[in-house]
Every structure is written in structure tokens, then in C-alpha cells.
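Engineer: Structure for the following, please:
(chains A and B)
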Amino acid sequence: MSTHRTLAEDGTGPSGARGAPPGPPPRTTGGRGRPGRPAVRPGTLVKIALMAVVNALGVFGILAAWREGHLGILASMVALVVVADWVYFSRRTLPLKYVLPGLAFLLVYQVYVVGYTGWVAFTNYGDGHNSTQEDAVAALLMQNERRVEGSATYPLTVVERGGELGFAVVEDGVALVGTAEEPLAVAQDATVDDGRVTEVPGATVLGRQEVLERQADVTALRVALSDDPNDGSVRTQDARTGFVSVPSLVWDAAADTMTDVTTGTVYRATSDGWFRADDGQRLNVGWRVMVGFDNFATAFGDERYAGPFLRILAWTFAFAILSVVSTFLLGLFLAITFNDTRLRGRRVYRTLLILPYAIPGFLAALLWSGMLNRSYGFVNQVLLGGAAVPWLTDPWLAKLSVLGVNLWLGFPYMFLICTGALQSLPGDVLEAAKVDGASGWRTWRSVVLPLLLIATSPLLISSFAFNFNNFTLIYMLTGGGPRFADASVPLGHTDILISMVYSVSGLDGTAAKNYGLASALSIVIFLIVATISAITFKRTKQFEEIT
Amino acid sequence: MRRGIPAAAMTLGLALALTACGGTSDDTSGGATADPTSGGSGGSLVVWVDETRQAAVEKAAAAFEDENDVDVELVLKNYEDIRADFLAQVPTGEGPDLTVGAHDWLGELTTNGVVAPIELGDRTADFEEVAVQAFTQDGQVYGLPYAIENIALIRNTALAAQAPATWDDAVAAGRAAGVTYPVLLQTGTDGDPYTYYPLQTSFGAPVFVQNDDGSYTSELAMGGEPGHAFATWLQAQGQAGVLSTDITYDIAVEAFKNGESPFIIGGPWMLEQFADLELAIDPIPSAGGQPAQPFVGVQGFYVSAQSDNALLANDFLVNYIATDEAQLALYEAGSRPPALRSAAQTASADPITAGFAAVGAEAVPMPSIPEMGSVWAFWGVTQANVIGGTGEPVAAWDKMVADIQSAIGS
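Structural biologist: Residues are numbered from 1 along each chain as shown, chains lettered A, B, ... in the order given. The predicted structure follows:
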């Protein structure tokens, strides 16, 4: 089917008027002379059915987002559905028909994530700054409303009086009733049964289901114990028992302050996301705010990290470059060897060689960390006859082990791409070399290798970028260890930048979590990798032009 | 080419479906909004549980559902993921109403404002004191405890007939038994300060200074003379071959299971593996002369600060989880002694549980203050280095204390 033909067909869409389509004849109900009624082909029906499914899912998603109140998701779902319908039902959007699914994935899984990381890098999101100011205020008020020491607990009943919720409690056999507006007062005629109020004249006692339907109101209800607010008020958490509590913090929304009622200290909301008093003290729950470039300043401002950072940077480059070079050389060597038609059983060997590639990376790293254990590992016990080589605990050996394991993990990939590249080398060039009388080595060096490098260099660059951020291997194999003996931060000789970020920003639990800092450092790493990749790509292009 | 369009549409459909899932999974995890169709009930309660406790919580939930005509939805989570997920999801309003958790998360959970206090009222006295204390911060209780866990000396009675009085006795008894390891302690190259803590306290070097009510200040207490003595002792034991960084958890458990040592310092979570052995649970022998106090970990349920079902959640905890029945079911699932006194008494009919509980009664709660996070990273590795002989003990210990101090200060 020629491209032209297909384009024409697709351009006409459901109509079959512009020339007979191949395959089964169109099912037309009328005769040939009725161009006004286009035939409906099976392909169109399938398309409509599929788009119906897409729309149904989209609408479902939109409704779900609406119900949960996620306006961002809602807007992007609406946009996606509208765009999908437009693209697949319009005749003028042929290229987009192919690109849209990829674009949609790109938007959802890449652009959004990158954008979010970029945004977090400029906030103080982390421990203590986990949510909005509204949430922080709610949490602080909740944490600082304390039960009055030594006060009694009351069997409690939820009642409704004149459209207002209230509590009926029993104290020393006497029923007391009150609402948010009226403090507790003795209700003479109330019926007390089994230590609990069961009936109050002039008010309805709410059943369990009615209480549950209004549980937010019930838990928020405070019924003053007396006219004096210092006596506290009765509240309940389970609608069965009431207790007396007093708030120790008061929130003033207009002034944006929290006041401690026991000491009178005023805490003001500050621009760094805390409530601070004038003497510098602060309340322990903060909120997320934009902090500009503070995170980037922190990243390079802490002198405890200055020394380790340079060593880790150097090792990261060494690790990434050596990993690419070693895996490429071994893969290439094996590819050339197994490309020789004289070798028997090549398929079996090739299949075996791909095995390390088939094992999940983190699993292989874990396996190796067990095999390299100094006293019980397979390598020392079986292969080295009981030697005690500190594979993972000596700084240099640990680096060697990391590179070795990465070689084992990575060479099948290089082997695969080199085999592919070798097999797709143009035969005429090789033949020309032969005719010109070039030796085998000369042919390899001047013809095969340059061609091979052109084919594989983008993959080598991406492999470099991957290894630069190869967190899984480091985390699973050495955990960054052995630790620097002379540094004052929990970092080690095999830590690479990304595992350093994990530790510095407290994601491993060794410090207070700081997602803002983690995002800022990730952006720095991205800039490093992007710069190097861009330069190398440019170089490769020049290289390509020369050859 | 025409084939391309349905395929493309399908991919797009999948993409949309995935995003749709992103939107709708909310009602499974959030469940905050009451579904008006579910029999006119007051809503549904979402509880995060891990695999071990699932069946036990399910039982309590069934009773609660019957009596209150509400739905309880249990969401199975990896225990390791709960803390981070809870912190991340509660502020979005998608978190659960209740979750299982450990008391040492408390500092982080309150700093981030994601947990609500629970008023236990008169029921406070029904729980073991250390359990409630562990969940208390600044006078407020934030969790309903259900189990207490701590380590003790597990003894293989076939290899050692008597409980050792001191560490040296234990080593001597282990050597006399003629097995590979005199005493087993999981260590690893990153150390295991949790398992080593009783030995450290036996030198009088607790991690933080404790207030009179048992709560911790952020003032480090493990430096100085006692700390040096402990570090020096660690290196001596390492050189004598009693302690080794090669012993990981798996290796230690496997060796004890195979009868290669009469003693292992460990917790009830190991017992499943030792089903074939005759065991006795003893106090951890003192190495430095003072009582060897391990850390106590308390497990419990937290209520989300943003739960729309706070009433149901509290009702479920105070009236359905704080019962003998539920606590014993949780005890059977996790083999940790219950936190409810009456249930603990029943569980203590088992001598093993009683042994762990007896050691736990003398133990100290693991600090839940946020500063504790900065301690672990330096603590374990330093111990491992000292045991392995790569560091001079006193200098290494002093450097560790200084590093922790600067990490806390930063």
C-alpha cells in the first residue's frame, strides 16, 4: 500500500467516493450513482467504538476528579478528551493522529513531573512544612486543645434543640443539657437510664445513625461548662463520652497570629512558613511557602558537605565513564566474537549472555551484595577458598566491586546493540575495503569502528546519563559505604551524586526530610547531565560529518 | 496505516484510563465522603493495615460494621511505606482515617500536623504505662497502643541450662557449649544500634537525657566516660571474635536455628524461625555493670488529622480495638505482647511472651523526638567500625557524638 494511497484514504475519512478502496467492497445500500450517501466502513465503526470508549473513560475520569475536587486533574482531563476527539474526527490532523498518544503520555508522565519538581525546588516542602497554612493552623489548634487536668468524663448523649446540636451529659446522676450557645444547665425532666440521658423534653435525642451523619458537626461542637470560658467546654470524640477541654492557642485569622492564652505570647506568621514569637520561639507545625533560591544556596552553603561533595562528584564521573567504557568494550568484544560465522552454537551463547540483562537490576545488586560478603559470601568462600577479602568494606575494593557488578549488569546491553550495529554494516563498504587490499585490522579500525560508533554513540550517551544517576545499584549494593572516615556527614566512598541527594535531603531517614532541597539538587544534577549530553551530541555530529 | 488509528486510540484510551484511575483511586484511599447509597449509613472508615495485622483488624472491623451499620475498608499496605505515604497523603485529603504505626514516628507525624490526639479518658489506666507514655507528646496522647515489642536474650535450653548473669558469663557458657558462636548479635557493616542498645545502657550511656516523666530531651547523653568505656569494650569483643560485623540478621537467625549458638539477642519476630527449638527468654546480661535496658517499641493506631470520620475512628479505636478480644487477636498475629493490661495478662500464660514482657517492663521507650533520625546514621556505622577495628574506639566515639551534635544543630 503506497503512502499516497493511504493518505488519500485517510483524508477522505468515512467516504468511499474517491476511488475504490482495496479489500472487501464497500457495503453500500444504494447504487453507485448516489455520491451524497457515503458508505460506512467497518474501520470507521471500530474507530467510533474505540473513541466512544475513550470518551466514556474520559468522562468517568472527569466526574471522578470533580467529585474529589481536583481542579487540576479535571481541567487536564477535559482538555485531553476534547483534543482527542478533535484529532481523531477531524480530517486535517493526520500527523497528530500518530503523535497524540505519545504526547499525552509525555505530558502526564514527564512534563508534569519535571514541572512539579521544578516547583518544589523553590518551596520549603519537607518536614514541618508538609501542607498549607490552613492545615497547619488546624493541626496546631487540634494539638493544643488539652483536657482539663483532673476533670471528669461524662456519659454523653447528642441532642438537637431548636435546630441546634447539643450535648446531654450526666453528672452525679443529674442530667445537664447545653448547646454551643448555652452552657450546660440542669434539665429537670430529662430521663436518665442506666447512667445515660435517654430523653430530654423540648429536645430530640439523636440516634446513632443521625449522629454519624453529622459527625463533623458533633466533633466540632464545644458546649461550655459554665459562663466562665476558663472552666473549659465539653467535647466528645466518639459521641459516647464527653470530657472537658480548654484550648491553649487561639487563632486570629485577621491578624494572622496565634496567641498562647496561658502565657499571652503572640506568634506571628512569618514568610518562612512558621509561627514565630518575638523572642524567636516558634510553634512546631509550619506550612509550605515559596523560598526562592534558598534551597540552591543551602545545597552549596553547608561547609560540612564541601569536602565530601567534590570527592563524590569525581567518583560519580569516574563511575559513569568507566561503566560505559568497560561495558561497551566487553560488549563489543563479545559481539565481534559471536558475529564470526565460524563459531558453532552462537545462538546458545548469545542467549546465555543476555541473561544478566533479563534479571531486574535491583535484584542482581542485592544478590551480588550477598555474594561479596566478607565472611559468608560465595566469592570469598567458594571461589577464593575461604579468603576474607573485604569486597564491600574497603574503599578501593568497594569501588572496584561496584564497577565489576555494573559491568556484569551492563555488558549484555552493549553486546546487543553492537551485534545489531555490526550486522547492519553496509556490505559494499567492507567489500570495497577488501578490494583496496586493507588488512583485517585496518578495516576494523578505519571502517567498522567509525561506522559502529556513529550507530551506537547516542546509546552510549544515554548509558552515561543512566549510570550518572544509577541510584539502584549503589543503594542496593553498598548503600554508599564504606563511610568517609574523615567526614562529618553520613556519606561514603561509593556514594554518587544522586545517592548523596537522597541522604542530604533526609529521604533515607537520617535527617529531617527536605523535598525542596532534594528537588533543587536534582535540578543541579539534571543540568550537569544535560550539559554533558548536549556537548557530546554536538561532537558526534561533527564526527559524523567528517566520515 | 488505518490500523494505526485504532491502535493509537487504544493507547490514548489506556492513557486516559490510567489518569482516570489516578483520579478515582481517591475514593478507595480517601473514603472521606460518605456514599449516600450505602444503606443510609454514616459513612465508611478507611484503615491502613499491614499484612500481619490484616486478619486481626478485619475481625474487629466486622463487629464494628455490624453494630454501627458502617463500612470499614481495610487497605493493605507495606509496613515500610505507611509512614511516608501517610505523611504525603493526609494533607491532600486522600489519606486514610486510621493507620497502624509505631510510636517512634510520633515526632515526625506531629511536626507535620497529620495526626489527631486521642482522648483515652478513664481507659488510660487499662493500658500498660509504658505504652501510653510512648504515644504521649506534650501531654497529649496521639495513638491507641496495641502491642509492645522489645528484644531480650533468647536462650536455646539444650545448649545452656541457665540464664547468664553477666555478659562474660554468657560468653563463657557459649564457649563451654562448644558451638561456633558464643553469643549471636546481628550487626552488619552498618551496625545495629537498636540491638546493641541494652549493652550500651549497661555502661550507663543512654542516647538522650530523659526527663522525670520518661520523655526525652534533645540533649545527647552517650558521650563522655561511659561512652568511651562502651566503645573500648566493643573493640575488645570484636578482637576476641565474639562480635563481628559479618553477622547480619539472616546469618544470625540461621545460625541460632541450626544450634550453632546458645544465645541470641533478638525479638519476638524471630520466634517463628525457632519453632523446633526449646527456648527460654531471659533478661539481657549486663556488660558494663548497670542494668541492660533495651528499647521498647510500641505499636498502635493513629487517627488522621484530616479524617472526616473522626467520630467513627475514635469510636472504633476506643471501643473495638481497646478490647481483650481485638488485642489478643493482634497478639496472635504479631506475637508481640498486647498493650492492654488484661489482654497482656492472658497472653502471659505463654512463658515466652511473659519472658519478653518481663524484659520490656524494665526497658525504656525508644525516643520519638525528631532528633532521633540524625542519631541512627552515625551511631550504627561507628559501632561497626569500632567492632571491625578500623577506628580507634575513644576517638571514633567522640567524633560520632560531635557529628550527631552538628547534625541535630543544623
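
Engineer: how about the strands of the stretch 101-250 of chain B, start to end?
Structural biologist: Per DSSP state E, counting those that start in this stretch, the stretch 101-250 of chain B carries strands over the ranges B:115-116, B:136-137, B:140-141, B:143-150, B:152-156, B:183-184, B:208-210, B:216-220.

Engineer: Columns mean pLDDT, distance to chain A and mean neighbour count on top of the ones you listed, output as JSON lines?
Structural biologist: Yep, even glycine has a C-beta here, placed from its N, CA and C like the rest. Listed next are the strands of the stretch 101-250 of chain B as JSON lines, based on pLDDT from 0 to 100; distance: least, Cβ to the nearest Cβ, whole Å; neighbours: other Cβ atoms under 10 Å in any protein chain shown:
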{"stretch": "strand B:115-116", "mean pLDDT": "94", "distance to chain A": "6", "mean neighbour count": "26"}
{"stretch": "strand B:136-137", "mean pLDDT": "88", "distance to chain A": "8", "mean neighbour count": "21"}
{"stretch": "strand B:140-141", "mean pLDDT": "90", "distance to chain A": "6", "mean neighbour count": "20"}
{"stretch": "strand B:143-150", "mean pLDDT": "92", "distance to chain A": "11", "mean neighbour count": "27"}
{"stretch": "strand B:152-156", "mean pLDDT": "95", "distance to chain A": "21", "mean neighbour count": "25"}
{"stretch": "strand B:183-184", "mean pLDDT": "94", "distance to chain A": "14", "mean neighbour count": "24"}
{"stretch": "strand B:208-210", "mean pLDDT": "90", "distance to chain A": "16", "mean neighbour count": "15"}
{"stretch": "strand B:216-220", "mean pLDDT": "88", "distance to chain A": "13", "mean neighbour count": "16"}
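
Engineer: so where's chain A uncertain?
Structural biologist: A:1-39, A:543-547 (pLDDT under 70).

Engineer: who touches residue 359 in this structure?
Structural biologist: Picking chain A for this. residue A:367 (Cβ atoms under 8 Å, 6 or more residues apart in numbering or on different chains).

Engineer: actually it's chain B I care about, not the one you picked
Structural biologist: So residue B:359 contacts B:150-152, B:281-284, B:294 (Cβ under 8 Å, 6+ apart).

Engineer: One more pass at 10 Å, please.
Structural biologist: Contacts for residue B:359 (Cβ atoms under 10 Å, 6 or more residues apart in numbering or on different chains) come out as B:150-153, B:198, B:267, B:281-284, B:292-294, B:296.

Engineer: Tell me how far it lies from residue B:130.
Structural biologist: 12 Å (Cβ to Cβ, to the nearest Å).

Engineer: Mutual contacts of those two, please.
Structural biologist: What both residue B:359 and residue B:130 touch, as defined by Cβ under 10 Å, 6+ apart, is the set B:150, B:296.

Engineer: Which one of the strands of the stretch 101-250 of chain B lies nearest to residue A:231?
Structural biologist: strand B:140-141 (20.0 Å; Cβ to Cβ).

Engineer: The closest one pairs with which strands, and in what direction?
Structural biologist: strand B:136-137 (antiparallel) (DSSP bridges).

Engineer: next one: the strand it pairs with to chain centre, how far?
Structural biologist: When distances are taken as Cα atoms, centre = their mean, to the nearest Å, strand B:136-137 is centred 17 Å away from the chain's centroid.

Engineer: isn't residue A:245 right up against residue A:233?
Structural biologist: Yes. With contact defined as Cβ atoms under 10 Å, residue A:245 counts as touching residue A:233 (6.8 Å).

Engineer: With neighbour numbers in mind, choose between the two.
Structural biologist: residue A:233 (24 against 19; other Cβ atoms under 10 Å in any protein chain shown).

Engineer: need the contact list for residue 186.
Structural biologist: Using chain A. A:171, A:174-177.

Engineer: Let me rephrase: I mean chain B.
Structural biologist: By Cβ under 10 Å, 6+ apart, the neighbours of residue B:186 are B:192, B:194-196, B:247-253, B:264-266, B:270.

Engineer: go with 7 Å
Structural biologist: By Cβ atoms under 7 Å, 6 or more residues apart in numbering or on different chains, residue B:186 lies in contact with B:192, B:195, B:247-249, B:252.

Engineer: Among those residues, which are located in helices?
Structural biologist: B:195, B:249, B:252 (DSSP state H).

Engineer: how deep is the first one tucked in, by neighbour count?
Structural biologist: Meaning residue B:195. Applying other Cβ under 10 Å, we find 25 residues neighbouring residue B:195.

Engineer: What distance do you get for it to residue B:248?
Structural biologist: From residue B:195 to residue B:248 the distance is 11 Å (Cβ to Cβ).

Engineer: swap in residue B:145?
Structural biologist: For residue B:145 relative to residue B:248 (Cβ to Cβ), the value is 30 Å.

Engineer: Quick check: residue A:131 touching residue B:91?
Structural biologist: Yes. Residue A:131 is in contact with residue B:91 according to Cβ atoms under 7 Å; the separation is 3.4 Å.
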